[in-house]
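*Asks:* Provided below are the primary sequence and the corresponding predicted coordinates.
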Amino acid sequence: MKTINHIGVPIADRRDSLPFYRDLAGIEIIPSLEDGPSLIWSETEDETMVHLIEGAPIPHVAFEVKDFDATLEAVRAAGIEIIKGPLERLDGQRAFYCFDPDGNRLEFTTARHLKPIPREREVDEWGRTREV
């Protein structure tokens, strides 16, 4: 868990929050590589990803790990419940989610962009991704 891949930020309503993050904070809205109506994927100039998650109860942080399988096994061996995953995204990035001892939601991933990002997806002005 050497690199922070992205942070998930809970938002109440994309009509209020998206203009703030896009227009004032200057993040670029990009097509999501995970399906879900509440997800808005975005990226900063330094390629840090900020996932705005409509209706999410808590934020989460994602860490890229060098050895995904070893990390997954270590988390399981520690008796920590995997709450989602392991899964593979459309770009080939693998991920799983768990809670830390304080209830913070964490995501562990492989390196980004292992496969070319599909170009058959586009995002509208409200951050909704759809297949083209």
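*Replies:* In hand now; what should we look at?

*Asks:* Look at the residue nearest the centre of the chain and give its secondary structure.
*Replies:* What sits nearest the mean C-alpha location of the chain, by CA atoms, centre = their mean, is residue 51, with 5.4 Å. Put simply, residue 51 is strand when judged by DSSP: H, G, I helix; E, B strand; the rest coil.

*Asks:* quick one: the residue nearest to it when sequence neighbours are not counted and residue 43, what's the gap?
*Replies:* Nearest residue to residue 51, sequence neighbours excluded (CB to CB, 6 or more residues apart in numbering): residue 8, at 4.5 Å. Heads up, the C-betas are built off the backbone N, CA and C, glycines and all. Taking CB to CB, to the nearest Å as the measure, residue 8 falls 14 Å from residue 43.

*Asks:* Leaving out chain neighbours, which residue sits closest to residue 41?
*Replies:* Per CB to CB, 6+ apart, closest to residue 41 is residue 32, 4.3 Å.
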